[in-house]
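model this:
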Amino acid sequence: MRPELKALVRAGNLVKTGESLFRYSGVVGEWTVLAGLIGMRPAMAREATLGVLEAGPFEHVMVVGIAGGLDPALPVGALVVPSEVRLYPDGPVYKSHPIPPRQASGRLMTTDGLLSGEENWRGILDDGYGSVDMEAAAVAEVCEAAGVAWSVYRGISDRPDEHMVDEALMGLVKPDGSPDLVAVGKFLSRNPLRAKALAHLNRCLEMAAKVAAEGAMVDLARS
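Numbering: from 1, shown residues only. Okay, the predicted model is just below:
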């Protein structure tokens, strides 16, 4: 999403290169970094990753952004670099290839939409998946098929047991994650008391995106 890309640009001191697939570029350590948007949800992420790899060759693909935390040990602001990702509910398991010396740990489930009901997210947690996103498994699928190494850096932006995100809020963003200002205006006119909660969620999102971006760039710089 755009807020996630913004955090990455800042963390890596990347510069704008245009409005094509790769919007920003820079050098981090010994790596030449190209960064862009892949959109929200598995289908869009899968298509975008195919486009990325067609523009290669590339040595490594990183998914950097936010995730929801399920494990009680993952508070808002925690960094997650999972060793395994899977597409909900029963897709194949993909093992990540983090850049040394990073040691990945934990498991992340990719879902095609919001799973806000406790009967849904509790089952994911019981299966050993401590966090959820909407893109990582789709990116992993494409990279594995192409023989390209990949890794995932996610900052926890919210937790379902805190009830900060619901379907109404999901409807306030465009497919690229930018705010739909018309929808936001209508939402706040109908729900003025949620303005404070919305502002809090935005701060959590920015903090989580920053954590993920800085974690990824630090690992590139030290590798």
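
What segments of the protein are helices?
Here the chain has its helices, by DSSP state H, at 2-12, 42-54, 118-126, 136-146, 167-170, 181-190, 195-222.

Which of those has the lowest mean pLDDT?
Here the lowest mean pLDDT among the helices of the chain goes to helix 167-170, at a mean of 67.

Would you mind listing the buried residues in stretch 139-155?
139-143, 146, 148, 150-155 (16 or more other CB atoms under 10 Å). For glycine as for every other residue, the C-beta is placed from the backbone atoms N, C-alpha and C.

One more: stretch 212-221?
212, 213, 214, 215, 216, 217, 219, 220.

Return the distance of the fifth one relative to residue 12.
Pointing back at residue 216 there. Noted for residue 216: a distance of 8 Å to residue 12, by CB to CB, to the nearest Å.

Tell me which residue lies nearest the centroid of the protein.
Taking CA atoms, centre = their mean, the centroid of the chain lies closest to residue 65, which sits 3.4 Å from it.

For it, which residues are in contact?
Residues counted as contacts of residue 65 (CB atoms under 8 Å, 6 or more residues apart in numbering) are 1, 4, 133, 135, 153, 154, 155, 209, 212.

Run through the residues that contact residue 66.
1, 4, 133, 154, 155, 156, 157, 205, 208, 209, 212.

and with 7 Å instead?
Counting by CB atoms under 7 Å, 6 or more residues apart in numbering, residue 66 makes contact with 4, 154, 155, 157, 205, 208, 209, 212.

What of residue 110?
Contacts of residue 110 by CB under 7 Å, 6+ apart are 42, 85, 86, 87, 88, 133, 134, 135, 136, 137, 138.

Apply 10 Å and report the result again.
Listed by CB atoms under 10 Å, 6 or more residues apart in numbering, the contact set of residue 110 reads 41-42, 45, 63, 67, 85-88, 91, 94, 129, 132-141, 152.

State the distance from it to residue 67.
10 Å.

ok, residue 217 touching residue 28?
Yes - look at residue 217 against residue 28 with CB atoms under 10 Å: they come within range, at 5.6 Å.

Spit out the residues that contact these two alike.
11, 12, 13, 14.

Report how many residues lie close to the third one.
As a burial measure, residue 13 scores 12 neighbours (other CB atoms under 10 Å).

Just give the nearest non-adjacent residue to it, would you?
residue 26 (5.7 Å; CB to CB, 6 or more residues apart in numbering).

do the same with residue 118
residue 160 (7.3 Å).

Quick check, that neighbour in contact with residue 68.
Yes - at 6.3 Å, residue 160 and residue 68 qualify as touching, with contact defined as CB under 10 Å.

Mutual contacts of these two, please.
114, 115, 116, 121, 124, 132.

before we move on, the earlier item: looking only at neighbour counts, state which of residue 160 and residue 68 leads.
Taking other CB under 10 Å, residue 160 and residue 68 do not tie; residue 68 has more neighbours (28 against 22).

so that one touches residue 120, yeah?
No - checked against CB under 10 Å, the pair residue 68 and residue 120 is beyond contact range at 11.5 Å.

Which residues are in contact with each of these two?
In contact with both residue 68 and residue 120: 111, 114, 132, 160, using CB under 10 Å, 6+ apart.
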